[in-house]
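J.: Need coordinates for the following:
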Amino acid sequence: EVQLVESGGGLVQAGGSLRLSCAASGFSSDDYAIGWFRQAPGKEREGVSCISSDDGSTYYADSVKGRFTISSDNAKNTVYLEMNSLKPEDTAVYYCALDLHRSWELSWSVVDWYDYWGQGTQVTVSS
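T.: Residues are numbered from 1 along each chain as shown. Next up is the predicted model:
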C-alpha cells in the first residue's frame, strides 16, 4: 500500500521558516516525482513545487521561487520543502503527492495527474 505522510507544519510569524517532510513508502519504482501542493480555504489546490527522482529536476510555482526549496533523500524516500520568508498568503494545507507515470514531464502542477496523496499538514503564517 502506497503511503505518503507529511509532517512539519505549524504556526509561524511572517518572515519565518518551516521545513515540511513527505515520507513515501509502499512502492518500488525508482522513476517517480513527488510534488507539493497547497490549498487555502475557498481556493483550489495549487502546485507549489515538484522534484523528480531520476535526475533531481525541480520545479516551482512563481509565487514561491526564491523562497522555497525542494530536496530529496532518495535513500529514505523522503522529500523536503524548505520554506523561508513566509507570508500570510502562504497559509494553507500542504499536501505531497506521488506521480508514477512521468506526467511531470508534461506538466508538474496538474492535480489530477498525481496517483497518490498524503493527508496534508497545516501551515499558518501570522502577520
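J.: Would you check how far apart the residue sitting nearest the centre point of the chain and Q122 are?
T.: Centroid check for the chain by C-alpha atoms, centre = their mean gives W36 as the closest residue, at 1.7 Å. With distances taken as C-beta to C-beta, to the nearest Å, W36 is found 14 Å from Q122. All C-beta atoms are positioned from the backbone trio N, CA, C, and that covers glycine.
J.: between those two, what contacts are shared?
T.: Y94 (C-beta atoms under 8 Å, 6 or more residues apart in numbering).
J.: picking that back up, I'd guessed the residue nearest to the centre of the chain sits against R19; true?
T.: No. Taking C-beta atoms under 8 Å as the definition, W36 is not a contact partner of R19, at 11.7 Å.
J.: Give me the common contacts of these two.
T.: Here W36 and R19 share the contacting residues L81, scored by C-beta under 8 Å, 6+ apart.
J.: Work out for me the element the residue nearest to the centre of the chain sits within.
T.: Using DSSP states H and E, W36 maps to strand 33-39.
J.: residue ranges of the strands in this structure, please?
T.: Per DSSP state E, the chain carries strands over the ranges 3-7, 10-13, 18-25, 33-39, 46-52, 58-60, 68-73, 78-83, 92-99, 116-117, 121-126.
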